[in-house]
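Undergrad: Let's see this in three dimensions:
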Amino acid sequence: MTTLDPVPGGRPGDVALAGELSEQLASQGVAGVVLSWVDTAGINRIKAIPVTGLVSAVSWGVGMSPVFDTMLSDGSLVSTDLAGGPQGDLRHFPDLDALVVLAAQPGWAWAPIDRLTQDGEVHAGCSRSLLRRLVADLAGHGVTFRASVEIEFALGLSDAPPAQFEPACTGPAYGMTRLVEQSDFCADALAALAEQGVDVHQLHPEYAAGQYEVSVGALDPVGAADRSVLVRQTLRAVARNHGLLISFAPSVVAGGVGSGGHIHLSAWRDGENLHAVGDGPLGMTPYAQSFVAGIIAELPALSALLSPSPSSYLRLLPSNWSGAYACWGHENREAAVRLVAGMVGNRDRAANVEIKSTDLAANPYLALAARSVDLIIGRAAGRRDLRCPAFAAARGPGRRRPGGAERRRARQARHQAAAHRPVGRR
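TA: Take a look at the predicted model:
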C-alpha cells in the first residue's frame, strides 16, 4: 500500500510500474483490472479497465461521477449543499502496491483506488485517502495501529424462492457437520485467499443459520480496510462458483442472530503493544485506557458509521453477542468493546481491542477513520485524560432470541445514532 496521495501524471515510479504490470498481467491471462472503492452506504462500487489501460489510469485517473457519494443502498440518489447532483467529475487512481490478481475470478485483477478532483486535489469524500492521512497524522505523534476486520456471512441456496433465505447447511452452530456440508466451498475459499496473499487465521461455522466467519491477520488500518473489501469480493466469487448465494447483511433473517464485521485494533509505540505493557487493568497503558474510554464515550455518534443501516439494528440486540451494551469487558462478547488479552506468553503481541457493534454495512475506511479522528482530536491520544470505566462482568446465559424490551433498547440506540448523523437536503 502506498503512503502517497495520487497526483496528475502519476505517483513517482507508478507509470513505469504500470507498464510492467500490464505486460505481466496479460501474460498471466488477466484481461481487466477492477478499480474498487466503497461508498457512504458501504457498497463496493467499481469501474473496470483493460490491462492495457493501466498506464493511463495511474497517470490521469478514470472518470466517475461524484453523485455516488450520496447514493443510498437501494440505488436512489439524494443531494446536499456540498455533494450530489448530475454535475462534476472525479478521477480514480489505482493503488498499484495493493493490486491483486483475483484467484476466484479468472481473467481479473483488483485494486483499491483514491479519488482526485479534476483540479488534482484529493476529493473531500474519498474515505480511503482520509484514512491514510489520519494514520499518517497519528504516526507523527509516535503511535501506529494494527487492525483487522472479521468477516461474518450467511450462505444460502440459489434455488430458494424469491426474497426467501434457505440456508446452505443444516448442521448445528459451530458444528463439524456444517463444514462437511460446505467442505468444497470452504476449501476453495481458503485456497483463493491464500493465493491472493491473505493470511487467514480462522474459517469456521458460526451461530446463525447458514452462517460462517473468516478471520484474517492484522495490517495497518488502510491495508485492513482494503483487505476487508478484497476478502468479501473473493468469498462472493467462490460462492457463485459453487452455485451458492452469500450475504454479508447485518441481519439476513429478522429475529435471528445477525452477522458482524467486528473491528480489532491495537495501538503501538516504539515497538510495544500499548494494550499489554502497562500497569493499568489487564496490562493496559494510560493511552490504551483512554482509547477504550474514548470509544465508549462516543459510541452513540460512532454508531452512525459503525452500524449504519436499518438492518444493523435488527442485529444490534442484547443477548446476541452483537455489542449492544455501551460498556467494555475482559473477553466479554456481550460488551460493545471487548478487550482480547491473548494467551499467556503472547500477550505483548496479541492483546487488542475488539469493537463488536460494527457490521459489514459500514464503509470500512470510514469506520476506521472514525476512530482515528477521535484519537487525533485528543479523546484517546493522551491530550485529554479520559479514564476507563470499570469493565462489565458477563451476564446471562449467552445468545438467545431477544424479547420486546430488548428490541425497544435497540430502537433507542438507532434513534441516538440518527441524532448524531448529519442529514442533507433532498
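Undergrad: can you pull out the strands in the stretch 1-150 of the chain?
TA: Along the stretch 1-150 of the chain, counting by DSSP state E, counting those that start in this stretch, strands occupy 32-38, 44-50, 62-64, 90-94, 100-101, 108-117, 144-149.
Undergrad: Per-residue pLDDT of the residue positioned nearest the centre of the chain, please?
TA: The residue lying closest to the centre of the chain (C-alpha atoms, centre = their mean) is Pro364, at 3.3 Å. Pro364 carries a pLDDT value of 96.
Undergrad: That one contacts Val229, correct?
TA: Yes. With contacts counted by C-beta atoms under 8 Å, Pro364 reaches Val229, the gap being 6.8 Å. Bear in mind the C-beta positions are built from the backbone N, C-alpha and C, glycine included.
Undergrad: Residues that sit against both of the two, list them.
TA: Val38 (C-beta atoms under 8 Å, 6 or more residues apart in numbering).
Undergrad: which ones are touching His201?
TA: Ser215, Val216, Gly217.
Undergrad: quick one, what contacts the residue nearest to the centre of the chain?
TA: Val38, Val149, Ala224, Ala225, Ser228, Val229, Gly261.
Undergrad: Which one of those is nearest to Asp5?
TA: Ala225 (16.3 Å; C-beta to C-beta).
Undergrad: Based on its surroundings, how many neighbours for the closest one?
TA: Residues within reach of Ala225, counting by other C-beta atoms under 10 Å, total 28.
Undergrad: and it, how far is that from Tyr287?
TA: 23 Å (C-beta to C-beta, to the nearest Å).
Undergrad: And for Gly61?
TA: Separation of Gly61 from Tyr287 (C-beta to C-beta) stands at 39 Å.
Undergrad: returning to what we had before: show me which of the contacts of His201 are buried.
TA: Ser215, Val216 (16 or more other C-beta atoms under 10 Å).
Undergrad: mind checking the longest helix of the protein?
TA: helix 221-241 (DSSP state H).
Undergrad: Let me know the average pLDDT across the next helix or strand after that one.
TA: The helix or strand immediately downstream of helix 221-241 is strand 244-247, counting by DSSP states H and E. In this model, strand 244-247 carries a mean pLDDT of 96.
Undergrad: and strand 244-247, how far out from the chain's middle?
TA: Its chain's average C-alpha position is 19 Å from that of strand 244-247, according to C-alpha atoms, centre = their mean, to the nearest Å.
Undergrad: which outside residues touch the helix or strand that it is followed by?
TA: For strand 244-247, the following helix or strand on the C-terminal side (DSSP H and E) is strand 263-269. Applying C-beta under 8 Å, 6+ apart, the set of residues contacting strand 263-269 from outside is 142-150, 218, 221, 273-275, 287-288, 291, 306, 340, 351-355, 358, 367-368, 371.
Undergrad: Give me the contacts around the next helix or strand after strand 263-269.
TA: Counting by DSSP H and E, the next helix or strand C-terminal to strand 263-269 is strand 272-273. Contacts to strand 272-273, defined as C-beta under 8 Å, 6+ apart, come from residues Ser266, Ala267, Arg347, Asp348, Arg349, Ala351.
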